[in-house]
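Enquirer: Quick one, fold the following:
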Amino acid sequence: MAKDKSQYEFKLFESTTKKPKHYVRITDNQMESKAFKALTCYGKVLYLYMKKKYNFTNENNISFTYKEGAELMNKKTFTKSMDNLIDNGLIYIVRQGLLKQCSIYGLSKEWQYYDTNAFEIKPRVKRMKKPKGEL
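Expert: Prediction:
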């Protein structure tokens, strides 16, 4: 018996059209993973917006600027959320931005090994805070 294709179409509560041009895909096993469950709510939101930038060819070339982050949350929360995604193995740093360059991130599979001996991440290099009174 042939399956009814209409059951795979997007519903009115999912999109304003039956065939949206782009959507974010997160699998059940990723959502049920220890790494994803350990994300903060801000980390989950940020991950959705980063996945929105994924176009099937740029998994190692996703930028997300502080300006974009400021539209979602405050700067401190944005920075902590990026660290949260890196620390849980959902993204990694391809290039850490300096001066006027933005950072480039990649989508990682390390979340699958979270909380095991095989889990390996490279944390973000954090800037040193200047003591008060120094320029």
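Enquirer: Go through the helix or strand of the chain with the lowest mean pLDDT and flag the buried ones.
Expert: For the chain, using mean pLDDT, DSSP states H and E, the weakest element among its helices and strands is helix 66-70, scoring a mean of 92. The neighbour-count check on helix 66-70 (16 or more other C-beta atoms under 10 Å) flags Gly69 as buried. To be clear about C-beta, it is placed using only N, CA and C from the backbone, and glycine gets the same treatment.
Enquirer: quick one: what helix or strand has the residue nearest the centre of the chain in it?
Expert: Nearest residue to the geometric centre of the chain (C-alpha atoms, centre = their mean): Tyr47, 2.7 Å. Here Tyr47, judged by DSSP states H and E, is contained in helix 41-52.
Enquirer: go on, Ile93?
Expert: Per DSSP H and E: Ile93 is located in strand 91-95.
Enquirer: quick one, what contacts the nearest residue in space to Pro20 that is not next to it in sequence?
Expert: With C-beta to C-beta, 6 or more residues apart in numbering as the criterion, Pro20 has its nearest non-adjacent residue at 6.0 Å, and that residue is Phe10. Phe10 makes contact with 17-20, 23, according to C-beta atoms under 8 Å, 6 or more residues apart in numbering.
Enquirer: Against which helices or strands is the helix or strand just after the least confident helix or strand of the chain packed?
Expert: With elements assigned by DSSP H and E, the helix or strand that comes after helix 66-70 is helix 75-87. If contacts are counted by 3 or more C-beta pairs under 8 Å, 6 or more residues apart in numbering; DSSP states H and E, helix 75-87 sits against helix 41-52, helix 66-70, strand 91-95.
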